[in-house]
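Novice: for reference, the sequence and a predicted model appear below.
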Amino acid sequence: MARSRDEKRDPAASLALLWGEQGQPKRGPKPSLSVERIVDSALAIADEEGLDALSMQSVAARLGVTTMALYRYVPGKAELLDLMVDAAFGPAPDVTSVAGGWRPRLEVWARACWQEYRRRPWMVAATGMRRQLMGPRQLAWIDSALAALSETGLPYAQQHAAFLLLVGHVRGLAQQLADDDAEGREEWDRLTADVWARHGDRFPALTAAIAGGAFAPRPGDPLDFGLERILDGVAVLVERG
């Protein structure tokens, strides 16, 4: 019997599917579907309607098959999400072809990663749901970043820490944009202004920052400031030898 959508995923099944080590169904009629077609349909639903619209039922309806037919290929929604996350990213950038050393290479990597999250805003939620089982495409992105960081000569633990800072910055900004809603933001601004008029004197530093434009919209790419500061910090470590 097919599992309910709320059951925990089967990590072994996810890994087998991610790495192409799961064979085609051997029972029943000749397969009319494939894992790739199922994943492509799931990606289309998430792109068009958001992650909340995704279910095994919605994917089956899009493909014109019964929900039970999908379970012959993918055990459930949790495993389908693992496959979607790996397929959603484009190919990892080849940073080894970027001239100038580790810094421009990391910048190219970060901006490429940023564009992937901008292209598919639902990816932040999908990758934040649980500890990820990674497939070849996700690991290729990590390998690309570490290839750039290897040029720094830093210990591997510091390279990994720098990578986590970098991807955390990208994901954090992507989350902010995914959560942004113009109508909701206007309402929040109005209510906050009302509260601040009554209680702002209790928070003098914050009041001064607001008056000084700390929260005003910033021109340019929102990735720039944090990216430059992270790379500056890595440069300090490199200079220290």
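Specialist: Alright, I've got the coordinates.
Novice: pull the CA atoms of the lowest-mean-pLDDT helix or strand in the chain into PDB?
Specialist: Lowest by mean pLDDT, DSSP states H and E among the helices and strands of the chain is helix 182-199, with a mean of 78. Extracted as PDB, the C-alpha positions of helix 182-199 are listed here (Å, rounded to 0.1, in the frame of the first residue of the first chain):
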ATOM      1  CA  ALA A 182       4.300  44.400  -1.300                       C
ATOM      2  CA  GLU A 183       0.800  44.700   0.200                       C
ATOM      3  CA  GLY A 184       1.900  43.000   3.500                       C
ATOM      4  CA  ARG A 185       4.900  45.200   3.700                       C
ATOM      5  CA  GLU A 186       2.900  48.400   3.400                       C
ATOM      6  CA  GLU A 187       0.500  47.200   6.100                       C
ATOM      7  CA  TRP A 188       3.500  46.300   8.300                       C
ATOM      8  CA  ASP A 189       5.100  49.700   7.800                       C
ATOM      9  CA  ARG A 190       1.800  51.400   8.700                       C
ATOM     10  CA  LEU A 191       1.300  49.500  11.900                       C
ATOM     11  CA  THR A 192       4.900  49.800  12.900                       C
ATOM     12  CA  ALA A 193       4.800  53.500  12.400                       C
ATOM     13  CA  ASP A 194       1.800  53.800  14.700                       C
ATOM     14  CA  VAL A 195       3.600  51.700  17.400                       C
ATOM     15  CA  TRP A 196       6.800  53.600  17.000                       C
ATOM     16  CA  ALA A 197       5.100  57.000  17.500                       C
ATOM     17  CA  ARG A 198       4.000  55.800  20.900                       C
ATOM     18  CA  HIS A 199       7.000  53.800  22.100                       C
END
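Novice: now the following helix or strand past that helix and helix 182-199, what's the angle there?
Specialist: Remark: after helix 182-199, the chain's next helix or strand is helix 204-211, criterion DSSP states H and E. Angle of helix 204-211 versus helix 182-199, following axes from the mean of the first three to the mean of the last three C-alpha atoms, to 10 degrees, is 130 degrees.
Novice: give the buried residues for helix 204-211.
Specialist: Residues of helix 204-211 classed as buried: I210 (neighbour count, 16 or more other C-beta atoms under 10 Å). (Each C-beta comes from the backbone N, C-alpha and C, glycine too.)
Novice: and for V167, the neighbour number?
Specialist: 17 (other C-beta atoms under 10 Å).
Novice: what values do phi and psi take at it?
Specialist: phi -70, psi -30 (degrees, to the nearest 10).
Novice: quick one: it and A145 touch, right?
Specialist: Yes - at 7.5 Å, V167 counts as touching A145 under the criterion of C-beta atoms under 8 Å.
Novice: follow-up on the earlier one: what's the least confident helix or strand of the chain in contact with?
Specialist: With C-beta atoms under 8 Å, 6 or more residues apart in numbering as the test, helix 182-199 has contacts from 207, 210.
Novice: cool, and stretch 85-97?
Specialist: Here stretch 85-97 makes contact (C-beta under 8 Å, 6+ apart) with 18, 39-40, 43, 105-106, 108-109, 112, 116, 120, 123, 126-127, 132, 134-138, 140-141, 143-145, 147-148.
Novice: list only those of these flagged as buried.
Specialist: Those of the contacts of stretch 85-97 that meet the buried threshold are 18, 39, 43, 105-106, 108-109, 112, 116, 120, 123, 126-127, 134-135, 137-138, 140-141, 144-145, 147-148, by 16+ other C-beta under 10 Å.
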